[in-house]
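Undergrad: Structure, please.
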Amino acid sequence: MNLFGRKKVAPTILSFNKIEGTQATDLENKSAKSNGGISPQVQHATLGDASKPPEAPAINKAEVSLRQALTERLAVNLRLSTALIIDKLDELVNKVAFLECINARIGIAHHLSYSVAVVNSATEAKRCIFLAAPTVEPEDINGIATLLSKAGWGLVEGSNVWLVSSSLVVAVAQGHVKNSRIESMQKISNDQDKAALWQSFVDVIQWGFDNQSNDIDFVVRAEDSISSVAFKIDGLYIYPGRWKIPTRTMVQILGIAYQRGEGGREPAFNANIEQQCLVDVDLAEGDRVRLRWSGMRADVGTIVTLRMQRMGASTPVKNLAEAGYMPSQIAMFERAISNHGGLTVLSGTVGTGKSLTLSILMSMLPPNIKMISLEDPVEFHIPNVHQRTIVRDLLAHDDADFAAAVRALLRSALDGLLFGEVRDVAAGRVVRAILESGHDIYTTVHARDALGIFARLSSPEINIPKEVLAAPGNVKLCVYQTLISRVCEHCKLTVDEVDLGMSKSHYYNLFESVWGKDLSLEELRFRNPKGCKECEKPELSQLNGYQSRCVVAEMVEPNEDLSEILLHGTRLDLARWWRELSDKRMDSENFTGKTANEVAIFKSLRGEIDPRDVEGHFVSFETLQKRKEMLERQKHIRKVAA
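TA: Next up is the predicted model:
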């Protein structure tokens, strides 16, 4: 048996050229003696006769030779050491001289782009190099070898098979690493000053990544000598002291970063205009992020906002309970999953964990169904899901890529689809087509509450007819979720220990006037701004007293009543129907008919969330009190008038 778990095919003409007198068997011995490392002089052996162009009369033999050579070479590489795997784009560009991926040109099936990228040599015509993920299968190699042989391609002399991380294989296969970008990266890496500026940019991104930042702002103050970097962390906008940078240096850093980007319309960074692009960054420990660059001109200068999206990471939260969903809410998800066919939609603002929740849901599906995802980009690696990154909003060829992906999707005999976000008519057509064919769909939209999902999907921007959404079984579950910080279990304060700006009795009266009488308020807990050894963050004192964030969600399971109102009523009718289903008890675990605000109050009554954060996230208690008093007065006036 070989490393692929199948019987090893004996190579017939496979020969490894000696590199400094060392053959493949010697390489393996040296690897074992170096604690998993490998000498840079013997990283890759070369393929002998298989590197020559195939001759027409012997095409079958050439295919067999190429197939055996590739399979054996990959097996040897895998046996040598995982240290051989290239997981950073800079390393790939510096080690492998290629122009672009030729998967599509030679007819390689798209699903293989997750495991193999065949690239053409930058130095030899009709010669190619294999970039293979460790998960590649021998059957895949067999098919690709046949395609290469028929197209008259051979392998380059020298190192021609490289083990590359799956995320890099996908990036190359989808055309995100092209000759122009490679040249730009090489120019930067070969210039010490430019390389230092790029590393400064990477340091900022690494710090943001390590501190769980969703957005990073480079705030260029044109009139000042010093500019700053701000981070959105746990919903707070923070300017850490360490990231005050001379304005001139910041402009240079942004110039190098923009040069490394993709999809920008202008050739260089310009602080005086709005610009967009995508920048992929390799971080420590194999982490990789995609930054959505959005420049905005302001009176004081320019603000470059970088939306950070993690690529191909494993999910940091493993189940819905850990994320913050309550048992009755998890049961709703389980019902949606168990019923075949229909739409499950998550809504919320940017950075509220929708993609994470979807990835957890995918892990709850049975393993014997075929799930495909179209995401922008793939943020989390999901086992048993065939994932594809689709970038639609920046690149000139994005609509063609999207259309091709959709055509392949409809022919793929899928059981279900994870569709990253529905935000336009084209996406709406895809969702409708898959939905009306009886498949499961899991997706996200931007809506301000769970019922708002229907208005969003039926809006002119997406244009799914209400008749489709109201059809029984078409929509299984609508979810609105947001994230609120949990107070630290080790140092959270009681109402007697915290300064509320009012007396305890006054605060209790205010709380009860809004959320109901007969509530047990003794379990209310508040953030300790000093923190403790478990939660103290020296550079981020604004986050002292907190430990992670939890989901607060409202969930709606549509029924015939909802469908009737959706077709013949108004949004106000829909809201009234939903609210009438509530038991009006804020300490009850029955969340039917309750808003996300009320679910957050439930969690604050259990001591998980500071009620002041609930106010800041939704509406202040005093405002709600005034609204309630106004409603009571209006009821009284109508009663007197009657």
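
Undergrad: end-to-end on stretch 151-165?
TA: Criterion CA to CA, to the nearest Å; first-to-last residue distance in stretch 151-165 is 27 Å.

Undergrad: now that stretch: mean pLDDT?
TA: Across stretch 151-165, pLDDT averages out at 85.

Undergrad: Now that stretch: buried residues?
TA: Of the residues in stretch 151-165, 153-165 count as buried by neighbour count, 16 or more other CB atoms under 10 Å. Glycine gets a C-beta too; all of them are placed from N, C-alpha and C.

Undergrad: which neighbours does the host helix or strand of Val345 have in its sheet, and in what orientation?
TA: With elements taken from DSSP states H and E, the one containing Val345 is strand 342-347. Strand 342-347 pairs in its sheet with strand 440-445 (parallel), strand 475-487 (parallel), by DSSP bridges.

Undergrad: Tabulate those in CSV, adding columns for mean neighbour count, mean pLDDT and distance to Phe333.
TA: Listed next are the strands paired with strand 342-347 as CSV, based on neighbours: other CB atoms under 10 Å; pLDDT from 0 to 100; distance: least, CB to CB, whole Å:
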stretch, mean neighbour count, mean pLDDT, distance to Phe333
strand 440-445, 24, 96, 10
strand 475-487, 24, 97, 7
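
Undergrad: Any chance of JSON lines for those, columns distance to Gly531?
TA: Shown next, in JSON lines, are the strands paired with strand 342-347 (distance: least, CB to CB, whole Å):
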{"stretch": "strand 440-445", "distance to Gly531": "34"}
{"stretch": "strand 475-487", "distance to Gly531": "11"}
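
Undergrad: ok, back up a step: the buried residues of stretch 151-165 in helices, which ones?
TA: Using DSSP state H, no member of the buried residues of stretch 151-165 falls in helices.

Undergrad: Give me the number of neighbouring residues for Ile85.
TA: The local packing count at Ile85 equals 18, with neighbours defined by other CB atoms under 10 Å.

Undergrad: Confirm for me that it is in contact with Ser165.
TA: Yes - at 6.0 Å, Ile85 and Ser165 qualify as touching, with contact defined as CB atoms under 8 Å.

Undergrad: Can you get me the centre-to-centre distance for the strand holding Val345 and its chain?
TA: Once both centres are worked out by CA atoms, centre = their mean, to the nearest Å, strand 342-347 turns out to sit 18 Å from its chain's centre.

Undergrad: try stretch 572-590
TA: Averaging C-alpha coordinates over stretch 572-590 and over its chain gives two centres that are 33 Å apart (CA atoms, centre = their mean).

Undergrad: Span of that stretch from start to end?
TA: For stretch 572-590, the first and last residues are 23 Å from each other (CA to CA).

Undergrad: With stretch 154-161 instead?
TA: Using CA to CA, first and last residues of stretch 154-161 are 12 Å apart.

Undergrad: can you check stretch 161-170 too?
TA: End-to-end span of stretch 161-170 (CA to CA): 16 Å.

Undergrad: again, but for stretch 351-371
TA: For stretch 351-371, the first and last residues are 24 Å from each other (CA to CA).

Undergrad: Can you list the buried residues in it?
TA: When neighbours are counted by 16+ other CB under 10 Å, the buried residues of stretch 351-371 are found to be 351-363, 365, 371.

Undergrad: what does stretch 119-133 give?
TA: Counting neighbours by 16+ other CB under 10 Å, one finds that the buried residues in stretch 119-133 are Val119, Asn120, Ser121, Ala122, Glu124, Arg127, Cys128, Ile129, Phe130, Leu131, Ala132, Ala133.

Undergrad: which among those gets closest to Asp193?
TA: Nearest to Asp193 among the buried residues of stretch 119-133 is Ala122, at 25.5 Å by CB to CB.

Undergrad: The closest one against Leu99, yeah?
TA: Yes - taking CB under 8 Å as the contact criterion, Ala122 and Leu99 are neighbours in contact, 5.2 Å apart.

Undergrad: contacts for stretch 290-304?
TA: With contacts defined as CB atoms under 8 Å, 6 or more residues apart in numbering, stretch 290-304 is touched by 205, 216-224, 227, 247, 254, 257-258, 261, 264, 271-281, 305-309, 311, 377.

Undergrad: If we use 7 Å, what do you get?
TA: Stretch 290-304 is touched from outside by 217-223, 254, 261, 271-281, 305-309, 311, 377, with contacts defined as CB atoms under 7 Å, 6 or more residues apart in numbering.

Undergrad: Using PDB, list the CA coordinates for it.
TA: Once side chains and other backbone atoms are set aside, the C-alpha atoms of stretch 290-304 remain, and they are given as PDB (Å, rounded to 0.1, in the frame of the first residue of the first chain):
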ATOM      1  CA  ARG A 290      -8.000  38.100   2.400                       C
ATOM      2  CA  LEU A 291      -8.400  41.800   2.900                       C
ATOM      3  CA  ARG A 292     -11.100  43.800   1.100                       C
ATOM      4  CA  TRP A 293      -9.600  47.200   0.600                       C
ATOM      5  CA  SER A 294     -11.900  50.100   0.500                       C
ATOM      6  CA  GLY A 295     -10.400  53.600   0.400                       C
ATOM      7  CA  MET A 296     -12.600  56.600   1.400                       C
ATOM      8  CA  ARG A 297     -11.600  60.300   1.100                       C
ATOM      9  CA  ALA A 298     -12.200  62.300   4.200                       C
ATOM     10  CA  ASP A 299     -11.700  66.000   5.100                       C
ATOM     11  CA  VAL A 300      -8.500  65.200   7.100                       C
ATOM     12  CA  GLY A 301      -7.000  62.800   4.600                       C
ATOM     13  CA  THR A 302      -7.900  59.200   3.700                       C
ATOM     14  CA  ILE A 303      -9.300  56.200   5.500                       C
ATOM     15  CA  VAL A 304      -8.400  52.800   4.100                       C
END
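
Undergrad: mind listing the strands for the stretch 251-400 of the chain?
TA: In chain order, the stretch 251-400 of the chain shows strands spanning 276-282, 288-298, 301-310, 342-347, 371-375, 385-389, with DSSP state E, counting those that start in this stretch as the criterion.

Undergrad: Ile462: which of those strands is closest?
TA: Of all the strands of the stretch 251-400 of the chain, the one in closest proximity to Ile462, counting by CB to CB, is strand 342-347 (11.2 Å).

Undergrad: List the residue ranges of the stretch 251-400 of the chain that fall below the pLDDT cut-off.
TA: By pLDDT under 70, the weakly predicted segments of the stretch 251-400 of the chain are 312-315, 391-400.

Undergrad: scratch that, the stretch 101-250 of the chain
TA: Low-confidence segments of the stretch 101-250 of the chain, defined by pLDDT under 70, span residues 178-181.

Undergrad: go again using 90 as the cut-off
TA: Judged against pLDDT under 90, the low-scoring parts of the stretch 101-250 of the chain cover residues 101, 103-116, 121-128, 130, 132-195, 234-235.

Undergrad: so where does the nearest residue to Ser347 once chain neighbours are set aside fall, helix or strand?
TA: Of all residues beyond its chain neighbours, the one nearest Ser347 is Ala447 (3.9 Å), with distances taken as CB to CB, 6 or more residues apart in numbering. Secondary structure from DSSP H and E places Ala447 outside every helix and strand.
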